[in-house]
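*Asks:* show me how the following folds:
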Amino acid sequence: LAFSEFRGYEDWQVIAASHNGDKIAIILGNPVMIEAYKAGIPGNGKPFPDGARMAKIHWMAKKAEDQPNEPVVPGALHDTDFMVKDSKRFADSGGWGYAEFEYDPATQTFRPGDTSDMPPQEHDAKCGFACHTIVANKDYVFTAYPER
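*Replies:* Numbering: from 1, shown residues only. Here you go, the predicted structure:
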C-alpha cells in the first residue's frame with residue numbers, strides 16, 4: 001500500500017484513542033468505516049464493507065507538566081498505520097491490506113516500515129495480518145467504536 005492511497009486521512013472521524021507503553025495513538029476511520037460501526041459491525045456478525053479504511057497515528061507519550069495533574073498527551077510523531085478493506089485485492093489476508101510508515105522528524109517525511117523497526121515490518125500489504133488473526137471473529141479489527 002502506498003501512503004498516497006490514504007490522502008485526507010487527517011480529516012477522518014475519530015474512532016478511538018489508545019495508550020500502549022511509551023506511545024499514545026488516535027484511530028481514525030473514513031466515512032465507510034464510521035457508517036459500518038454505526039450499523040453495528042462487527043458486533044452484529046457482519047464484515048466491514050469494501051472501501052472501509054482506518055488510520056492509526058502514533059505519537060511518543062509525554063506528560064503535560066504545564067497542565068493540572070500532568071495528563072499524558074501526544075509528543076513527537078512516531079508513525080502512522082493504515083488498513084483498507086478490499087476483499088478482492090487482499091483475499092489472502094482476510095480482505096484487509098495493511099501498511100506502516102515511520103516518521104522521520106529530521107526530514108518531516110514518512111518512510112515505509114521495515115525489518116529494522118520495532119516491531120519489525122515487512123513492506124507488503126500483509127504486514128499486519130499475522131497480528132490481526134487473533135481478532136478474526138471481529139473481521140480482523142482490534143478497535144472498538146466506544147459509546148459517545
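*Asks:* every contact and neighbour count from this point should use C-alpha atoms.
*Replies:* Noted.
*Asks:* what packs against the strand ranked longest in the chain?
*Replies:* Of all the segments assigned as strand in the chain under DSSP state E, the longest by residue count is strand 72-85. Counting contacts by 3 or more C-alpha pairs under 8 Å, 6 or more residues apart in numbering; DSSP states H and E, the secondary-structure elements packed against strand 72-85 are strand 23-29, strand 53-63, strand 96-104.
*Asks:* give me the residue at the spatial middle of the protein.
*Replies:* For the chain, Lys56 is the residue whose C-alpha lies nearest the centre (C-alpha atoms, centre = their mean; 3.0 Å).
*Asks:* would you list the helices and strands packed on strand 72-85 in a markdown table and tack on mean pLDDT?
*Replies:* Listed next are the helices and strands packed on strand 72-85 as a markdown table, based on pLDDT from 0 to 100:
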| stretch | mean pLDDT |
| --- | --- |
| strand 23-29 | 97 |
| strand 53-63 | 97 |
| strand 96-104 | 93 |
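*Asks:* got CSV for those, with distance to Tyr145 too?
*Replies:* As requested, the helices and strands packed on strand 72-85 are exported to CSV (distance: least, C-alpha to C-alpha, whole Å):
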stretch, distance to Tyr145
strand 23-29, 10
strand 53-63, 12
strand 96-104, 18
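*Asks:* so which bits of stretch 139-146 are buried?
*Replies:* When neighbours are counted by 16 or more other C-alpha atoms under 10 Å, the buried residues of stretch 139-146 are found to be 139-141, 145.
*Asks:* what are the buried residues along stretch 59-75?
*Replies:* Counting neighbours by 16+ other C-alpha under 10 Å, one finds that the buried residues in stretch 59-75 are 59-62, 74.
*Asks:* could you export those as TSV, including distance to Tyr9?
*Replies:* Putting those into TSV (distance: C-alpha to C-alpha, whole Å) gives the following:
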residue	distance to Tyr9
Trp59	16
Met60	20
Ala61	21
Lys62	24
Pro74	18
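*Asks:* with that, I have no additional questions.
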